[in-house]
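Trainee: predicted structure and sequence below. I'll ask about it afterward.
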Amino acid sequence: MIWIVFLAFTIFSFAYSQTLDELINLALKNNPQLKKLEKELSIIKEKSETAKKLPNPSFSLSYSGGINVSMRQYIPWYEKLELSKDIEKQNYRSQFYIYELEKNKLIRQVKEVSYRIKIYKDKIELLENYQNDVKNLINLKKDSYEVNKLKILYTDLQLEKLNYQREIESLLSYLKELVNYEIQDIEVNEINFREDLNIETILREAERQSPILKSLEEALKRDRLAYKLAKEIYYPDVSLGLTYKSKERLQDAFSVGFNLNLNFPFWRTLSQEQIVLERKLFVIAQEERKIQTLNSLKTQLTTFYNEYKYNLQKLNLLLSTKEIYEEDFKNTYKKFYSGETDFQTFLTSFNSRKKSDYDILDSKLNASISAMKIEELIYTSF
């Protein structure tokens with residue numbers, strides 16, 4: 001009895017369909033690329049927490065007529081240690097937003113693939129309905145020429161179904177790779193759209209919370225701190241040393257050394273001066289990069305928004321004429337069945353209705369993909 005229950009449970013598990021939310025959660029949990037970034041991020045965070053620690057002491061051991069032991073500890077100026085810590089913190093924050101951007105990308109990929117699967121399934125369902133119409137005519141028509149034409153049309157529809165089924169299998173395989181989990185099927189609800197979405201809101205949200213800009217802002221703060229640290233090369237540093245010589249008398253065996261390292265701004269070496277200038281140039285370049293990225297982001301978002309509105313407008317127009325195509329096909333179907341019209345007229349009406357149905361589904365998909373791309377860039381779901 002237990003084995004029967006286990007078998008039934010296994011069969012049910014393999015037939016289980018994940019929802020879109022479940023797939024997104026699985027992807028965020030299991031995706032290999034995301035897990036790799038998480039590990040890298042944890043290391044960068046740990047680095048930021050240890051940046052303020054003193055450099056490792058040096059140790060030397062030698063023998064020359066006796067054992068000689070020497071230890072040295074370099075102690076940088078306090079503010080240099082603070083700046084080093086702050087630099088690593090900003091680097092972590094910059095990388096954190098890159099990680100968030102990768103999450104956005106992954107969510108968009110999962111949603112896009114899932115919606116494509118849904119649209120292909122909807123098309124297969126339409127094709128099955130079309131086949132039923134054609135099959136009824138094959139059973140009722142007597143003219144062999146028309147029956148042969150109808151059989152060819154039925155076969156073409158079947159081939160189209162097979163093509164979409166193959167595409168679904170391919171997309172499911174890609175989805176499995178994204179979520180790193182075995183998927184049998186997916187359930188996606190009807191796609192809904194926001195009619196009140198406007199470009200001003202999108203651009204405002206992008207400036208406020210886009211991961212791309214946030215990452216650049218944190219990186220810019222890091223580079224400004226690095227520039228400040230480079231200029232502080234002349235701040236005093238200290239080196240402490242302890243030496244022991246075994247052959248010396250006990251009171252002379254130990255010696256302590258203290259070194260004060262001091263560089264004035266006008267005594268920098270050429271290489272030190274170049275480092276400071278390079279840091280300054282890098283900050284200027286990063287400031288310009290941020291401006292360019294913001295402008296590029298606005299251009300991308302405007303393009304995606306225009307695509308979104310275009311497909312919504314197209315969808316509404318197509319929906320307004322859907323009943324007309326359906327009514328025309330019904331009338332043509334009746335006339336073809338009764339012999340009042342020929343096969344070519346029937347085929348023209350059939351293809352018009354089919355194209356209208358396909359255009360509606362494609363417009364839904366294209367509008368949803370444009371919306372997903374906006375979500376990915378501004379980190380806001382709508």
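Mentor: Perfect, I can see it now. Numbers count the residues shown, from 1 in each chain.

Trainee: going by C-alpha atoms from here, please, whenever you check contacts or count neighbours.
Mentor: Noted.

Trainee: would you list every one of the strands in this protein?
Mentor: Taking DSSP state E as the criterion, the chain carries its strands at 17-19, 58-63, 67-75, 185-187, 237-245, 254-261.

Trainee: out of those strands, which gets the lowest mean score?
Mentor: Lowest mean pLDDT of these: strand 254-261, a mean of 56.

Trainee: so, low pLDDT: which residues of the stretch 1-150 of the chain?
Mentor: Residues of the stretch 1-150 of the chain meeting the criterion pLDDT under 70: 1-17, 51-67, 73-75, 77-78.

Trainee: over to the stretch 151-300 of the chain?
Mentor: Applying pLDDT under 70 to the stretch 151-300 of the chain flags residues 194, 234-236, 241-242, 244-271.

Trainee: do you know how far residue 228 is from residue 41?
Mentor: Distance check for residue 228 against residue 41: by Cα to Cα, to the nearest Å, it reads 25 Å.

Trainee: and for residue 344?
Mentor: Taken as Cα to Cα, the span from residue 344 to residue 41 is 64 Å.

Trainee: of the two, who's got more company?
Mentor: residue 41 (18 against 12; other Cα atoms under 10 Å).

Trainee: the more buried one contacts residue 95, doesn't it?
Mentor: Yes. Shown here, residue 41 and residue 95 form a contact pair, counting by Cα atoms under 8 Å, at 6.9 Å.

Trainee: which residues sit against stretch 126-133?
Mentor: 154, 157-158, 160-161 (Cα atoms under 8 Å, 6 or more residues apart in numbering).

Trainee: give me the distance from that stretch to the chain's centre.
Mentor: 38 Å (Cα atoms, centre = their mean, to the nearest Å).

Trainee: check stretch 311-329 too.
Mentor: 34 Å.

Trainee: try stretch 90-109
Mentor: Relative to its parent chain, stretch 90-109 has a centroid offset of 8 Å by Cα atoms, centre = their mean.

Trainee: now tell me what touches it from outside.
Mentor: Under Cα under 8 Å, 6+ apart, the answer for stretch 90-109 is 24, 27-28, 34, 37-38, 41, 44-45, 48, 178, 211-212, 214-219, 221-222, 372-373, 375-377, 379.

Trainee: any idea how many residues pack against residue 237?
Mentor: For residue 237, the count of nearby residues is 17 (other Cα under 10 Å).

Trainee: I'd say it and residue 79 touch.
Mentor: No. If you go by Cα under 8 Å, residue 237 and residue 79 don't touch, sitting 10.6 Å apart.

Trainee: what sits up against stretch 335-345?
Mentor: 137, 140-141, 146, 149, 332, 346.

Trainee: and if we set it to 10 Å?
Mentor: 136-138, 140-143, 145-147, 149-150, 329-334, 346-347, 349-350 (Cα atoms under 10 Å, 6 or more residues apart in numbering).

Trainee: which of these are buried?
Mentor: 137-138, 141, 146-147, 150, 329, 332-333, 346-347, 349-350 (16 or more other Cα atoms under 10 Å).

Trainee: in helices, which of the residues you listed fall?
Mentor: Among these, the residues falling in helices (DSSP state H) are 137-138, 146-147, 150, 329, 332-333, 346-347, 349-350.

Trainee: list the residues that contact residue 349.
Mentor: Taking Cα under 10 Å, 6+ apart, one finds 325-326, 328-333, 343, 355 in contact with residue 349.

Trainee: next: residue 119.
Mentor: 113, 125, 164, 168, 188, 190-191, 358, 361-362, 364-365.

Trainee: and for residue 177?
Mentor: Counting by Cα under 10 Å, 6+ apart, residue 177 has contacts 27, 30-32, 171, 183.

Trainee: gap between it and residue 224?
Mentor: Applying Cα to Cα, the value for residue 177 to residue 224 is 40 Å.

Trainee: count the residues that sit near residue 292.
Mentor: Neighbour tally, residue 292, other Cα under 10 Å: 12.

Trainee: same thing with residue 116?
Mentor: Count around residue 116 with other Cα under 10 Å applied: 20.

Trainee: for it, which non-adjacent residue is closest in space?
Mentor: Leaving aside its chain neighbours, residue 116 sits nearest to residue 365 (6.9 Å; criterion: Cα to Cα, 6 or more residues apart in numbering).

Trainee: touching, that neighbour and residue 122? I think so.
Mentor: No. With contact defined as Cα atoms under 10 Å, residue 365 and residue 122 do not form a contacting pair (11.3 Å).

Trainee: quick check: neighbours shared by these two?
Mentor: Common neighbours of residue 365 and residue 122 (Cα under 10 Å, 6+ apart) are residue 116.

Trainee: between the two, who's got more neighbours?
Mentor: residue 365 (19 against 15).

Trainee: ok, that one - contacts?
Mentor: Contacts of residue 365 (Cα under 10 Å, 6+ apart): 112, 115-116, 118-119, 191, 311, 359, 371.

Trainee: between those residues, which is nearest residue 321?
Mentor: Distance to residue 321, by Cα to Cα, is smallest for residue 359 among those, at 11.5 Å.

Trainee: contacting residues around the closest one?
Mentor: Residue 359 touches 314-315, 318-319, 353, 365, counting by Cα under 10 Å, 6+ apart.

Trainee: okay, those residues in JSON lines with distance to residue 272 and pLDDT next?
Mentor: Converted to JSON lines, the contacts of residue 359 look like this (distance: Cα to Cα, whole Å; pLDDT from 0 to 100):
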{"residue": "314", "distance to residue 272": "62", "pLDDT": "94"}
{"residue": "315", "distance to residue 272": "63", "pLDDT": "93"}
{"residue": "318", "distance to residue 272": "68", "pLDDT": "96"}
{"residue": "319", "distance to residue 272": "69", "pLDDT": "95"}
{"residue": "353", "distance to residue 272": "74", "pLDDT": "96"}
{"residue": "365", "distance to residue 272": "57", "pLDDT": "93"}
